[in-house]
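Student: Any chance you can model this:
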Amino acid sequence: MPNRLTIPGLKVPKLTGWPLVGILGIGLAAVALVYGSATGNLGDECTMTVQADQVSVRSSPSTSGQPIETLRRGTEVGAEKVVDSGFRKLTGGQRWVPAGSVAATSGSVC
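Tutor: Numbering: from 1, shown residues only. Below you'll find the predicted structure:
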């Protein structure tokens, strides 16, 4: 039998089964929240960076959609995980850009 370290006056209850699983789950959730806060990767944020020299933001996922804005290379913009007919949906209403003209920003969840 292995030697056990005993500290006089310290009584540690045995944890097994579901109570142990619950405590481990809470601990892992706390670590994940701290890690997410430290890296800025908390949640499902999707950010895209414009790769083309300039790209027209359109009102629908089509080249016939009304152009409503122009973005230049290097611009970071919030996006959704939705791609329709080769167009990526941006946040903030009906805003679409060709999916090939943007790429997920480093650290983004897209």
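Student: only C-alpha atoms for contact and neighbour calcs from this point on.
Tutor: Will do.
Student: how about the strands of this protein, start to end?
Tutor: Taking DSSP state E as the test, the strands found in the chain are 47-50, 54-58, 67-72, 76-84, 87-90, 95-98, 102-104.
Student: any idea how far the longest one is from the chain center?
Tutor: A distance of 12 Å separates the C-alpha centroid of strand 76-84 from that of its chain, computed with Cα atoms, centre = their mean, to the nearest Å.
Student: how does this protein divide into domains?
Tutor: Following the assignment in automatic domain parsing, the chain carries domains at 14-43, 47-104.
Student: Export these as a markdown table, with columns for mean neighbour count and distance to Cys110.
Tutor: Formatted as a markdown table, the domains of the chain follow (neighbours: other Cα atoms under 10 Å; distance: least, Cα to Cα, whole Å):
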| stretch | mean neighbour count | distance to Cys110 |
| --- | --- | --- |
| domain 14-43 | 11 | 11 |
| domain 47-104 | 17 | 6 |
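Student: Least reliable of those domains by average pLDDT, please.
Tutor: Here the lowest mean pLDDT among the domains of the chain goes to domain 14-43, at a mean of 70.
Student: do you know which of the domains of the chain lies nearest Arg4?
Tutor: domain 14-43 (14.4 Å; Cα to Cα).
Student: one step back: same list (the strands of the chain) but as a markdown table, adding distance to Gly17.
Tutor: Putting these into a markdown table (distance: least, Cα to Cα, whole Å) gives the following:
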| stretch | distance to Gly17 |
| --- | --- |
| strand 47-50 | 42 |
| strand 54-58 | 55 |
| strand 67-72 | 56 |
| strand 76-84 | 39 |
| strand 87-90 | 46 |
| strand 95-98 | 51 |
| strand 102-104 | 42 |
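Student: how about the domains of the chain in a markdown table, adding distance to Arg4?
Tutor: A markdown table is the format used below for these (distance: least, Cα to Cα, whole Å):
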| stretch | distance to Arg4 |
| --- | --- |
| domain 14-43 | 14 |
| domain 47-104 | 53 |
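Student: Quick one: closest of the strands of the chain to Leu20.
Tutor: Closest to Leu20 of these, according to Cα to Cα: strand 76-84, at 37.0 Å.
Student: among the strands of the chain, which is nearest Pro19?
Tutor: strand 76-84 (37.7 Å).
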